[in-house]
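Chemist: Curious how this folds, go ahead:
(chains A and B)
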Amino acid sequence: AQSVTQPDIHITVSEGASLELRCNYSYGATPYLFWYVQSPGQGLQLLLKYFSGDTLVQGIKGFEAEFKRSQSSFNLRKPSVHWSDAAEYFCAVGRSGNTGKLIFGQGTTLQVKP
Amino acid sequence: DGGITQSPKYLFRKEGQNVTLSCEQNLNHDAMYWYRQDPGQGLRLIYYSQIVNDFQKGDIAEGYSVSREKKESFPLTVTSAQKNPTAFYLCASSAPPSFNSPLHFGNGTRLTVT
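Modeler: Reported below is the predicted structural model:
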């Protein structure tokens, strides 16, 4: 069955430190992969997406993610975290033929220490 | 400014009552979706519609109903048959299902049933 796992429920980093949020997926075909960010009580905003091609994807707000087929992973990274990055982050995989029918991971809450 | 409007932001109902959540978009998107968000569970797909007058069940459709009479509108009714309706509900839309059309989300409606 298709699934997405985000192993870290909660992560705390210091402002200015680097960040990596993990995402592993289970999907039979070439996946469409997404990272979304959610501020408390708000909707989700797309950070970046991978459909094909270059496995290192650049997104908004200085985020990037790397697709590694051999590890079934799509980890999100940022070299230097800002206090405004504190939010909940969701990894998702799109089911073939419909990039709106997403399977989401459980989410990782990021806390940023001053 | 184009976007998705969900109303109201907070909704309170007594158990046994049906309640309808509103979702309107002015992005001229064909496809619309309803997701449910529970703490620690990510988002799960309730219903989706790819064109007017047509919709399909998602992964957790039991106890919910939808209609799609207009392209701009996709209301969700939470019926009394839904066993655990208290949740955060997110509406989303996308351009016709294609290679490069991620979801755009509204800001959600938090439903509390007591």
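Chemist: Identify each buried residue in the helix or strand containing residue A:94, please.
Modeler: For residue A:94, the element it lies in under DSSP states H and E is strand A:87-95. Neighbour-count burial for strand A:87-95 flags A:87-95 (criterion: 16 or more other C-beta atoms under 10 Å in any protein chain shown). Every residue, glycine included, has its C-beta placed from N, CA and C.
Chemist: quick check, nearest of the residues you listed to chain B?
Modeler: Nearest to chain B among the buried residues of strand A:87-95, counting by C-beta to the nearest C-beta, is residue A:90 at 6.2 Å.
Chemist: Chain B versus residue A:113, what's the distance?
Modeler: For residue A:113, the distance to chain B (C-beta to the nearest C-beta, to the nearest Å) stands at 23 Å.
Chemist: what does chain A put close to chain B?
Modeler: A:4, A:9, A:34, A:36, A:41-46, A:49, A:51, A:90, A:92, A:97-102, A:104-107 (C-beta under 8 Å from any C-beta of the partner chain).
Chemist: repeat that with 6 Å
Modeler: Residues of chain A that fall close to chain B, judged by C-beta under 6 Å from any C-beta of the partner chain: A:42-44, A:46, A:49, A:98-100, A:104-107.
Chemist: Max pairwise distance over these: which two?
Modeler: With distances taken as C-beta to C-beta, the most widely separated pair in those is A:42 and A:98, at 24.4 Å.
Chemist: okay, the two: which has more neighbours?
Modeler: Taking neighbours as other C-beta atoms under 10 Å in any protein chain shown, residue A:42 and residue A:98 compare with residue A:98 leading, 18 against 15.
Chemist: If the more buried one is in a bridge, with which residues?
Modeler: For residue A:98, the beta-bridge partners are residue A:95 (DSSP bridges).
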